[in-house]
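Participant: Here is a sequence together with a model predicted from it:
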Amino acid sequence: MRHESVISTIGNTPLVSLDRICGSRISAKVYGKVESFNPGQSAKDRAALYMIEQAEKKGRIQPGATLIEATSGNTGFSIAMIAAVKGYKCVLTLTDKAGPEKRALLTALGAEIVLCPAAAEPEDPASYYSQAERLAADIPNSFYLRQNWNLDNSNAHYYSTGPEIWNDTDGKVTHYVCCAGTGGTLSGTARYLKEKNPNVTIVGVDAYGSVLKKYWQTGIFDADEIFSWKVEGLGKTIIPDNVAFDLIDEFIKVGDRAAALRVRELARREGMLLGYSSGAALEAVFAMRKQLTPDDVVVVLFPDHGSRYLGKVFNDEWMKEQGYLRPNGEPAAYSVRH
Ligand code: PMP
């Protein structure tokens, strides 16, 4: 297949049967939607591209523009990649928690990085959110993507991920299971699938320590829910506009330990090296297995590739330090941490 640029290779990711890991333990047919096949190795390519192209269409940016985002993860990589192709500048504000490897990934694609103190509260002028706002105000012809609030993040998945899942299951999908961070991947896809068939069950996946599930249950932002957790990209300590709470039928919280053990099992049983939150998503399918029947077709979305986690979940020493593996390498049944 020939492409004019790497941008048109975004999307159309495969659905892969998970028979080897799920087959004997889950009665439904389970497929993984493997977003690491995107050129930036994550689902964020779709959201970044759509937010940028809509801004172009709305006349928000002109040639030579500067794209700005507060991020440390996959979204930054996707924006930097697209900016390189389109000839835009890319400035990313990062917290100083982001290690040298993460910074190198972004600068390799030509992004400029502004490091901000991780300890700063969002309203603090030094925080990475405030710094991004300031840059957007100071730099002419700039566009701050604001992935938590920009609804073109969800729309990206309404127009791509949703139709792909519907078509690739011949309309037979009964359950869609997806991590919630900004909520874009969950909500846009869910909106499309519910329009096609209102009976499709939408299952959100959240982290312990995140406020999303409690907000879905009660409509209340409960700061007492918040504590730190390990799975990157999963859960939030704010309520983003991109989480469509009304479309979610079930919200399942997954702990750091269960997600870590599951993503390692996924690599060894299915030969797929995927990111930490993919383990959380698959763990949610296992958590709901008693309600699944042989007629069900479950699609679980795997957000990113495992190469960015070699120092964490795929590192035995890290796993032992967390208490997720015993000193002999056996999975620890219980841990004092999530
Ligand atoms: N997992 C990973 C690894 C991510 O980078 C993200 C995006 N922040 C998510 C899950 C959640 O996706 P979304 O922001 O679309 O809810």
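Facilitator: That came through fine.

Participant: Could you check the pLDDT of the residue of the stretch 1-150 of the chain found nearest the ligand?
Facilitator: The nearest approach of the stretch 1-150 of the chain to the ligand comes at Asn74, 3.9 Å away (C-beta to the nearest ligand atom). Every C-beta, even on glycine, is put in place using the N, C-alpha and C of the backbone. The model reports Asn74 with a pLDDT of 93.

Participant: show me what contacts it?
Facilitator: 40-44, 233, 303-304 (C-beta atoms under 8 Å, 6 or more residues apart in numbering).

Participant: How are the strands of the stretch 101-250 of the chain distributed by residue range?
Facilitator: When assigned using DSSP state E, counting those that start in this stretch, the strands of the stretch 101-250 of the chain occupy the ranges 112-116, 142-144, 175-179, 201-207, 250-254.

Participant: which stretch among those strands comes nearest Val85?
Facilitator: Using C-beta to C-beta as the measure, strand 142-144 is the one of the strands of the stretch 101-250 of the chain that comes nearest Val85, at 15.8 Å.

Participant: Give me the contact list for the closest one.
Facilitator: When contacts are taken as C-beta under 8 Å, 6+ apart, the neighbours of strand 142-144 outside the stretch itself are 52, 55, 60-61, 65-69, 91, 132-133, 135-136.

Participant: Contact residues of the chain facing the ligand?
Facilitator: Residues of the chain that fall close to the ligand, judged by C-beta under 6 Å from any ligand atom: 42, 44, 73-74, 179-186, 232-234, 275, 277, 303-304.

Participant: Mind doing that once more with 8 Å?
Facilitator: Contact residues (C-beta under 8 Å from any ligand atom) of the chain with the ligand: 42-44, 47, 73-75, 147, 153, 157, 178-186, 231-234, 240, 242-243, 275-278, 303-304.

Participant: Just the ones of those residues in helices?
Facilitator: For those, membership in helices holds for 44, 47, 74-75, 153, 157, 184-186, 276-278, with DSSP state H as the criterion.

Participant: quick one on the thing from earlier: distance of the residue of the stretch 1-150 of the chain closest to the ligand from Cys22?
Facilitator: 25 Å (C-beta to C-beta, to the nearest Å).

Participant: can you put the strands of the stretch 101-250 of the chain in a markdown table and add mean neighbour count and mean pLDDT?
Facilitator: Formatted as a markdown table, the entries for these read as follows, by neighbours: other C-beta atoms under 10 Å; pLDDT from 0 to 100:
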| stretch | mean neighbour count | mean pLDDT |
| --- | --- | --- |
| strand 112-116 | 17 | 95 |
| strand 142-144 | 21 | 97 |
| strand 175-179 | 27 | 99 |
| strand 201-207 | 26 | 98 |
| strand 250-254 | 21 | 98 |
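
Participant: How many neighbouring residues does Ile226 have?
Facilitator: The number of residues packed near Ile226 is 16, by other C-beta atoms under 10 Å.

Participant: My read is that it contacts Gly209, right?
Facilitator: Yes: checked against C-beta atoms under 8 Å, the pair Ile226 and Gly209 is within contact range at 6.2 Å.
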